[in-house]
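> Next come a sequence and a model predicted from it.
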Number of protein chains: 2
Amino acid sequence: MVRWEPGTRERLQDAALELFAARGYEQTTATEIAQAVGLTERTFFRHFTDKREVLFHGQQALTDAFLAGLHDASPGASPIDLAVSALRSSASFFDDERRSHSRLRQSVIDANPALQEREALKLVGLGRALGGALRDRGVEDMTADVAAQLAVMAFGIAFAHWIAEGEQRSFEAIVMAVVREVGAVTGELDR
Amino acid sequence: MVRWEPGTRERLQDAALELFAARGYEQTTATEIAQAVGLTERTFFRHFTDKREVLFHGQQALTDAFLAGLHDASPGASPIDLAVSALRSSASFFDDERRSHSRLRQSVIDANPALQEREALKLVGLGRALGGALRDRGVEDMTADVAAQLAVMAFGIAFAHWIAEGEQRSFEAIVMAVVREVGAVTGELDR
């Protein structure tokens, strides 16, 4: 029987992030991460398939935060209303307590092209999940893709601002500023 | 002195794509690609840093096709006009002759998560290059990001339609349909 200590995963994630930031991602082994919190490599691999997944384990929770916004939207909401609702809901994931963690994680990713690739695909996956959920609500194919990817785009731009040094605004305030900018830029489109 | 036969790179790319599609990406070696066109592994590595880069060597040409559209735009063009101009210009890259090649390439990428990651980062890089070019034209920071990433988003959605089995429309016709859809979706934004 596997002993499953509450919080073990989070302790491993925190230790990994500190080691990656201090020594470099490539230079840190799964064994070292486990040892940093008094655990064995075997325990590490009960929680994560590999070293890289320590940094990406939150993907499902992030997707769920977006999808919660779709579930909460009114039945008659337009595709862009749904996208904005998903964005507002994702903001609950990025509270001020998480900001320094997110900043540190990004610095590790920025230093490693393979991690940048994985992060880029994470956002593609988020867009696909959102697009699928919009189709499930009856939104037409290309409309669903556009609305879903607008949400992911606004998320990515907002996130980069949110973790910038000295930035004080909440994630929600920033992401709504990005949405307004999307409105301003696309308002110039010939319709 | 290195002998540089015109067309060698393209012959290697074509051979690689056929081998990747027939046998699988993982199962194909650089040596086999080179031998398929009567060349040595050494010649292969004069053209490509590794096997993966055979699939991604066109990134700069794609970026240049987008940037050409910015150079051609009138001085007073709005950010979204610039984005649309870049998209129209990128269409020159995707003529009908390239469609079956692009379709085959995508089938290889879809079968391999590591290639999907690389492809996702390619589009992130394209967005950064476009955003930088818009800033160089004096477009404000967040506006440049929004306009650039709208272009990349429209490109990605259009590309997926363009390579779909049975699709007959030109890349430009499809990408302009996506731009109209962006206008329709964002037209519902409260302004």
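Sure, I can see it.

> can you list the domains in chain A?
A:8-54, A:58-186 (automatic domain parsing).

> Quickly compare those and say which is most buried.
Mean neighbour count, computed with mean count of other Cβ atoms under 10 Å in any protein chain shown, is highest for domain A:58-186 among those, reaching a mean of 18. C-beta here means a position set from N, CA and C on the backbone, and glycine is covered the same way.

> Check whether that one comes near chain B.
Yes: contact of domain A:58-186 with chain B (Cβ under 8 Å from any Cβ of the partner chain) involves A:78-81, A:83-84, A:113-114, A:116-118, A:120-121, A:123-124, A:142-143, A:145-147, A:149-150, A:153, A:156-157, A:161, A:177-179, A:181-186.

> middle-most residue in chain A, spatially?
Closest residue to the average C-alpha location of chain A: A:Leu62 at 5.0 Å, with Cα atoms, centre = their mean.

> okay but that residue is in contact with A:Ala91, surely?
No: counting by Cβ atoms under 8 Å, A:Leu62 stays clear of A:Ala91, with 11.4 Å between them.

> any idea how far the residue nearest to A:Ala77 when sequence neighbours are not counted is from B:Ala111?
In this structure, A:Ala77 finds its nearest non-sequential neighbour in A:Ser85, 6.7 Å apart by Cβ to Cβ, 6 or more residues apart in numbering or on different chains. Per Cβ to Cβ, to the nearest Å, A:Ser85 is found 35 Å from B:Ala111.

> repeat for A:Phe20
A:Phe20 is 30 Å from B:Ala111, by Cβ to Cβ.

> What are the contacting residues of the longest helix seen in chain A?
Longest helix in chain A by number of residues (criterion: DSSP state H): helix A:113-136. Contacts to helix A:113-136, defined as Cβ atoms under 8 Å, 6 or more residues apart in numbering or on different chains, come from residues A:25, A:52, A:55-56, A:59, A:62-63, A:66-67, A:70, A:79, A:82-83, A:86, A:108-110, A:141, A:143-145, A:147-149, A:151-152, A:155-156, B:113-114, B:116-118, B:120-121, B:123-124.

> rerun at 6 Å
A:59, A:63, A:66-67, A:70, A:109, A:144-145, A:147-149, A:151-152, B:116-118, B:120-121, B:124 (Cβ atoms under 6 Å, 6 or more residues apart in numbering or on different chains).

> cool, and stretch A:44-60?
A:9, A:12-13, A:16, A:30, A:34, A:122.

> from those, which single one is nearest B:Arg99?
Closest approach between these and B:Arg99, by Cβ to Cβ: A:Lys122, at 29.2 Å.

> Report pLDDT for the closest one.
On pLDDT, A:Lys122 comes in at 96.

> Redo the domains of chain A as CSV? Include distance to B:Ala133.
Shown next, in CSV, are the domains of chain A (distance: least, Cβ to Cβ, whole Å):
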stretch, distance to B:Ala133
domain A:8-54, 31
domain A:58-186, 16
